[in-house]
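Peer 1: With the sequence up front, the predicted model follows.
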Amino acid sequence: MDNREVALKEKSIVFIGFMGVGKTTIGRLVAKKLYRDFIDIDEEIEKEFNMPVSQIFSEMGEKVFREKEKELIVKKCRQKLHIISVGGGAFLQEEIRKECLSSSIVFFLDLSWESWRERISVIIDSRPVLQGKTLAEIEELYNNRQEVYSNHHSKIQVDNLSMEEIANHIVDSLKLAWELDS
């Protein structure tokens, strides 16, 4: 099915942003509020390989992970009524970026470097891309990805907001857009 011709209200919603910004937590909240299925692409990949992402990276390599990531994202974006959280590096792949932007509604969850840095101790062990990197190298990665994330339909600045506030803002903005589109 070509989602480009699907009504705005039925399009899947994709959350992008740097790792640890809250895409999964916010995605689950939005899905619950909109009565939609939630899909975390990393969790789907882990189920398929029956191992955590970090183990997939170390045993099979990033290339294998990225291919599976692309396959799943493209498939899910072409379906209606999903809420999808993609990994922080997914949007680096042009094919994923193009598919998400053409067939879904893409929300960029933007968290400042200063706020993100405060979360690093909680997330670093579960993120293979961060392993062995200095804080300066991680900041460079963060800054480099900001340009990729600038390709979106809507941007939410999430600093100083609770997950519930962010989810409510997203749901309210979607409902307004759907009313204007009908």
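Peer 2: Looks like it came in fine.

Peer 1: quick one: what helix or strand has residue 45 in it?
Peer 2: Taking DSSP states H and E as the criterion, residue 45 maps to helix 41-49.

Peer 1: Show the average pLDDT along that helix.
Peer 2: Helix 41-49 carries an average pLDDT of 95.

Peer 1: Helix, strand, or coil at residue 145?
Peer 2: helix (DSSP: H, G, I helix; E, B strand; the rest coil).

Peer 1: Quick check: nearest residue in space to it, chain neighbours excluded?
Peer 2: residue 18 (5.9 Å; C-beta to C-beta, 6 or more residues apart in numbering). The way it works is simple: take the backbone N, C-alpha and C, and place the C-beta from them, glycine included.

Peer 1: any residues touching whichever helix in the chain runs longest, and which ones?
Peer 2: Taking DSSP state H as the criterion, the chain has its longest helix at helix 163-181. Residues outside helix 163-181 that contact it (C-beta atoms under 8 Å, 6 or more residues apart in numbering) are 7-9, 13, 22, 25-26, 29-30, 33-34, 105, 107, 109, 154, 156, 158, 161.

Peer 1: Which of those residues fall within strands?
Peer 2: 13, 105, 107, 109, 154, 156 (DSSP state E).

Peer 1: Report the two of the residues you listed separated the most.
Peer 2: Greatest spatial distance among the ones in strands among the contacts of helix 163-181 (C-beta to C-beta): 105 and 109, at 13.3 Å.

Peer 1: neighbour-wise, which of these two wins?
Peer 2: Using other C-beta atoms under 10 Å as the criterion, residue 105 and residue 109 rank with residue 109 on top: 24 against 21.

Peer 1: correct me, but residue 24 touches residue 84?
Peer 2: No. Counting by C-beta atoms under 8 Å, residue 24 stays clear of residue 84, with 10.3 Å between them.

Peer 1: Show the residue spans covered by the helices in this structure.
Peer 2: For the chain, the helices defined by DSSP H cover 23-34, 41-49, 53-60, 62-77, 94-103, 113-117, 120-123, 135-149, 163-181.
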